[in-house]
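> Sequence and predicted model, in that order:
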Amino acid sequence: PAQLISDLEKLFPKLTCSNDLIEDIISEDEILSPKAAFDYLMQNRRNKGNKAAAEIYNWFSENSDTKEKLNIIETADNYKKTAAKISPESAAAIYSKKAAYSVSRLNEFSGCPFKYFAKYGLRAKDEEIWQIQKFDLGSLMHYVVWKFCTSVEGDANDFDTLKRNWQSLSDEDCDKLIGEIINEIKEKTAAILERDENKMNYLLERMAKTLKRAAYTIRKSINLGGYAPVGYEKQFIFQPEPDIADLFIKGTIDRVDANFNFDRKLADLRIIDYKSGSKEFSVASICNMIDIQLVVYAMAAVNLYNNGELEYSKGDFSAEISGMLYNKLRDERAKITSDGKPEDISSAINDAMKLDGAIILNETDNGVDTCTLTDMDETLKTHSESEFLKIKLNTTGSLSKYSQYLTREQFNKLITYAKKGIKGYHKRILGGDIKIMPSKTGENLNCRWCEMAEICLFDSERDSVRKLCTNNDEAWNIIDEEIQKK
């Protein structure tokens, strides 16, 4: 399977992969019959420099028996898809004029407008087949983490008690809690699963090992600083642009943490999104509008706080985002040398499990204010590297190039850019844009994994693609140019 080959290549970088596919089905020396000649022509008809194919074409075009067949093939070769569009009236009828988009829906449109139309307009979908899917396991992981966190909090009814409950938690307590939750799930699934019970139990055992490691990171992120959870699985719906009455964004934030600054009467909010799959924060992905999840969640969290929908909200405190981060719920591979010691392996895995995303730092005359960093991880007052954030300090106390952060100005730019992009997509969707325009990163075309590929009949040799930006510096230039446009 392709996934197995991909995994082996990651494990063994020096491994070379080859195949026994026959590139040239027919060579020029094997053209011994009209059928062989016609097959050769079909294989090489688009190669303008192939003299043999040109001569064969001329020969067949002069033959009345094959001329009509050639005309059909030539018509098919010259076929061009028109700019696909449906009327705004039709778009409003199939999508509903009052749109409430999820982030995943917006990502789908960014990837390819036709796929969005097929999936959400035509409601096309694969036939349902009974099997334990990856997304089912992802949902199960989210449940275990939610259950773990709420169990730690117990009956805490104020912020200080909540912090004490987390600070009293040890790694051993994490192991015990995760184990109890997994056993509870085993008992429930055993009662309802008539098949795949053994497979499910095996997957749950593997999941338990993964989630115990993830639980250590969650514990550190709350114990080592002033933040604590003020909301789990928080559903939201809001208007990113108040002047557009029919545009709403909806979704669910896995976790919102807060740190209350009483001197400034400010609630610093930290967005945490659990990821069981492979995903990394990238400004280029936001620029391409293919992953605006954390930016949208940041807007939603402030809205939730202002509406009093987060725990311990204080009416006289304003709210701002101090971080938007992915918390990994998966096993990570870590690079080590062949003579690596056990402690080196453990350290490498801990580094790989650190939260991925961006800390938002306010600008100062001398650079950025690092108080937000020590509010999140107090060990940075005495150590140069965070235990759970991708943050390193130079000997001068400045941030190293390794550190993942954004200035407040950069963060605000991403918010403005995302709002403008959402507004533009909403206009295109209701305007009837359904063109076949898949995204391409380098040589990778997203049609490769698209379940709608057999419907659209995209031709990679002739049809247009949307080339994505892959460089963060280039992405910032694009973002700056776009937000300056009226």
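Good, I have the coordinates. Numbering: from 1, shown residues only.
> Quick check: closest non-adjacent residue to Gly432.
Nearest non-adjacent residue to Gly432, counting by CB to CB, 6 or more residues apart in numbering: Ile86, 4.0 Å away. C-beta coordinates here come from the backbone N, C-alpha and C atoms, glycine included.
> show me the contacts for that neighbour.
Phe117, Gly432, Ile434 (CB atoms under 8 Å, 6 or more residues apart in numbering).
> Would you confirm that the last one contacts Ser90?
No. Taking CB atoms under 8 Å as the contact criterion, Ile434 and Ser90 are not neighbours in contact, 9.8 Å apart.
> Show me which of the two is the more surrounded one.
Neighbour count, other CB atoms under 10 Å: between Ile434 and Ser90, Ile434 has more, with 24 against 13.
> Can you list phi and psi of that one for me?
Torsion angles at Ile434 (phi, psi; degrees, to the nearest 10) stand at phi -130, psi 30.
> Going forward, the N-terminal residue is numbered 58.
Will do, 58 is the new start, and the previous item becomes Ile491.
> which residue packs closest to it, ignoring adjacent ones?
Phe174 is the one closest to Ile491 (CB to CB, 6+ apart), at 3.9 Å.
> so where does Ala376 fall, helix or strand?
Secondary structure assignment for Ala376, by DSSP states H and E: strand 375-385.
> Relative to that strand, what are the paired strands and their orientations?
When sheet partners are counted by DSSP bridges, strand 375-385 sits next to strand 323-332 (parallel), strand 413-418 (antiparallel).
> so Tyr97 makes contact with Asn107?
No. Applying CB under 8 Å as the test, Tyr97 and Asn107 come out as separate, 9.1 Å apart.
> more neighbours, these two?
Each of Tyr97 and Asn107 has its neighbours counted (other CB under 10 Å); Tyr97 has more, 21 against 17.
> Just the pLDDT for that one.
Looking at Tyr97, its pLDDT stands at 81.
> buried stuff in the host helix or strand of it?
Secondary structure assignment for Tyr97, by DSSP H and E: helix 91-101. Buried residues in helix 91-101, counted by 16 or more other CB atoms under 10 Å: Ala94, Phe95, Tyr97, Leu98, Asn101.
> list the buried ones in the strand holding Ala376?
Ala376, Glu377, Ile378, Ser379, Gly380, Met381, Leu382, Tyr383, Asn384, Lys385.
> Mind telling me what element Asp314 is part of?
According to DSSP H and E, Asp314 maps onto strand 304-318.
> other SSEs contacting that strand?
Strand 304-318 sits against strand 156-158, helix 191-210, strand 285-295, strand 323-332, helix 350-363, strand 375-385, helix 465-487, with contacts defined as 3 or more CB pairs under 8 Å, 6 or more residues apart in numbering; DSSP states H and E.
> Name the residues that touch the first one?
If I follow you right, that is strand 156-158. For strand 156-158, the external contacting residues (CB under 8 Å, 6+ apart) are Ile294, Asp303, Leu304, Phe305, Ile306, Lys307, Ile479, Tyr482, His483, Ile486, Leu487.
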